[in-house]
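# I'll drop the sequence and a predicted model, then ask my questions.
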Amino acid sequence: MKVVLLLPLLFVSLNLIAVVRNLPMEEAIALARRQSVSAATARNQLRAAHWRYVAHRANLLPEVSFTGYLPDFKRGYNLYQNAQGGYQFVRTNVMKLNGELSVVQNIPWTGGTIGIASSLERVTTYGENRSQKFLSVPVTITLNQPIFGVNTFRWENKIEPLRYKEAQQNYMNAVEQTTREAIKRYFDLLIAQERLTSAWQNERNAEKLYDIAQVRRSNGEISTNDERRLQLNLLSAQSIRTEEETNWRAQLFRLQSFLGLGSGDTLRVSLATLGKQAPLLFSEVMAYTRENHSFDRYAERTRLESAYSVAKAKGERHRIDLFASVGYTGQDEALTPAYEKLIDNQQVRVGLRIPILDWGKRKGKVRTAEWDREVVETQLQREEQTFEQDIYILVERYNNQQQQLRIAEASDSIAQLRYQTSIEVFLLGKIGVLELNDAQQSKDDARLRRIRQQWQFWDYFYRIRALTLHDFTGERPVENELEELVKD
C-alpha cells in the first residue's frame, strides 16, 4: 500500500510529465499489435505474399491482350538489291497500321500454352505510285509445347499455395512475437519503476534513520561508527536513486517508442493479475503446433522445391519443343475482300537440342540437384527433431513456472514483512546497521524476483501461443484478421 501511495508523488517529483497514464499490460499488447513498427512490417510481408499468390493464380487464367502500331510511318531511303545483284537506294514513303487481339491460356497439365489471335494490317504507299493493301488473319490457333521439359505450372501449383499458407502462419507468429517484445519492454519498465520506487523509499528511510542516529549519538546510545555507517547508507541511497531515475527514463522511452506513443505522457505500469492456470499437455500443444505453425508448411515447401530442382535438371538433358500454328489469312486492296478470299496459313516447327558430347556436364547437374535434395532432407529431419524437442522443454518450463511464481510471491511478502520488522527492531537498538541493510537488500531482491518470474511466465505463455496459434486460457484459436489485411 505504501508503494502504491508513493508512485504518484514519485512521478510528480521527476518534473517530467503533465499527465500520468496508467497502462495495463493488455492495453500495451493491443497497442503493439496495432501500431508498432514490427507489426506493420509483418502486415506488409503478408500483403506482399498475398499479391504474389494472386499473380500465381492469374497465370492459370487466360490473358487477353491487344498489340499494334497506330501508326508506323517511314519516309526515307532503303537499301535494295536488284535481280542483277547490284545495290541501290530506293525511296520509301509508307505508313503501316496493324493490330492484333489475342487470348493466351497456359496449360497446367502439360506445361505448354495455347492461344487464339486475330490481326489486321494496312499498308499505304504515298507518292506517284500510291497504293493500299490490307492483310487479314481472321483467326490463328497456336500451340507451344515442351516435350521432355519440366512442367513449371504443375510444380508451381504445388509450391505456391504452400508458400502463401506459410506466409499467413508466419504473420500470425510474428504478431505473437510482437506481443512477446511488448511484454518484455513492459516488464523492463515495470522493473525500472519498481527499482526507482524502492530507491526513493530507501532514501527516505535512510534519511529518517540518519536523523534518528544523530539524536541517539548525541545521547550516547550508539557509536560514532554506527552513525557514520548510516550516513554512508544515506549517500549510497541518494546515488542509487539518481541512477535509477536515468534507467527508468530510458525504459519509459523504449516502451513509448515501441508502442508508437508520444513522449508527452508518462506511463505507469503494474503487475498483471494472474489466476491459476491449468498445466498444459505436450501432446495437445504438439497437435495444435502441427496444425497451425508454419514449420510443417515450410518443410513441405522446401522438399517440393528441391524435387523441382531435380526435375528441371533432368528436363534440360534432352529438350524438344513443339510449335504449331493453324489459321487463315487473306489480302486485298480493299478491307472487305481481304476477309473473303482466305487461304490456309499453317506452320509446324519442332526444335531439338540433344547433347552428343558434354563431358558429363548435364549428368553432373542432375547428380548435384539430387544430392542437394538429400542434404535438404537431412537438414529438415534435424530441424524437426530440434523443433519438437524445444516445444517439449518449453511446455515443461511453462508448467514449472507457475510454481516458481507462487514461491516468488510468497518470498516477496515475507521479505516485505521482515524489512518492516527490522526497522522497528533497529529503532529499539536490538540489531545493527548490517542486519538492517541485509533486510533491505532482501526486500528489494524479492520484489524484483517476483516481477521477473511473472515476466518469465508471460513470455512462456506467448511463446506457446506463437507456436500453436491457440489461446489455451479460452480454449479457442487465436483471433486474426487475415482477410481484412490483404484488402486494398
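Received it, and whenever you're ready, just let me know what you need.
# What residues of whatever helix or strand Asp438 lives in count as buried?
Using DSSP states H and E, the element containing Asp438 is helix 433-468. By 16 or more other CB atoms under 10 Å, the buried positions in helix 433-468 come out as 433, 436-437, 439-440, 442-444, 446-468. Every residue, glycine included, has its C-beta placed from N, CA and C.
# What's the first helix or strand after that helix?
Helix 433-468 is succeeded, C-terminally, by strand 470-471 (DSSP H and E).
# Just give the strands next to that following strand in its sheet, each with its orientation.
strand 476-477 (antiparallel) (DSSP bridges).
# Average pLDDT for the partner strand, rounded please.
Here strand 476-477 scores 65 as its mean pLDDT.
# swap in stretch 386-405?
90.
# same deal with stretch 315-334?
Averaged over stretch 315-334, pLDDT sits at 77.
# cool, and stretch 125-142?
pLDDT averaged over stretch 125-142 gives 83.
# Contacts for that stretch next, please.
91, 93-95, 114-124, 323-335, 338-339, 342, 345 (CB atoms under 8 Å, 6 or more residues apart in numbering).
# Mind listing what's buried along it?
Neighbour-count burial for stretch 125-142 flags Phe134, Ser136, Val137, Pro138, Thr140, Thr142 (criterion: 16+ other CB under 10 Å).
# what's the answer for stretch 294-311, then?
Quick answer for stretch 294-311 (16+ other CB under 10 Å): 294-302, 304-311.
# Looking at the buried residues of stretch 125-142, which is nearest Thr179?
Minimum distance to Thr179 across the buried residues of stretch 125-142 is 54.6 Å, recorded for Thr142 (CB to CB).
# From Ser325, how far off is that closest one?
Between Thr142 and Ser325 the computed distance is 5 Å (CB to CB, to the nearest Å).
# same thing with Ile464?
Distance of Ile464 to Ser325, given as CB to CB: 61 Å.
# In PDB, could you pull the C-alpha coordinates for stretch 394-412?
The C-alpha trace of stretch 394-412 is given here as PDB (Å, rounded to 0.1, in the frame of the first residue of the first chain):
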ATOM      1  CA  LEU A 394       9.000 -25.100 -23.400                       C
ATOM      2  CA  VAL A 395       5.900 -26.900 -22.100                       C
ATOM      3  CA  GLU A 396       7.800 -28.200 -19.100                       C
ATOM      4  CA  ARG A 397       9.200 -24.800 -18.200                       C
ATOM      5  CA  TYR A 398       5.700 -23.200 -18.600                       C
ATOM      6  CA  ASN A 399       4.200 -25.800 -16.200                       C
ATOM      7  CA  ASN A 400       7.000 -25.400 -13.700                       C
ATOM      8  CA  GLN A 401       6.900 -21.600 -13.900                       C
ATOM      9  CA  GLN A 402       3.600 -21.400 -12.100                       C
ATOM     10  CA  GLN A 403       5.100 -23.000  -9.100                       C
ATOM     11  CA  GLN A 404       8.100 -20.700  -9.300                       C
ATOM     12  CA  LEU A 405       5.800 -17.700  -9.500                       C
ATOM     13  CA  ARG A 406       3.900 -18.800  -6.300                       C
ATOM     14  CA  ILE A 407       7.200 -19.200  -4.500                       C
ATOM     15  CA  ALA A 408       8.400 -15.700  -5.600                       C
ATOM     16  CA  GLU A 409       5.100 -14.200  -4.400                       C
ATOM     17  CA  ALA A 410       5.400 -15.800  -1.000                       C
ATOM     18  CA  SER A 411       9.100 -14.700  -0.700                       C
ATOM     19  CA  ASP A 412       8.200 -11.200  -1.600                       C
END
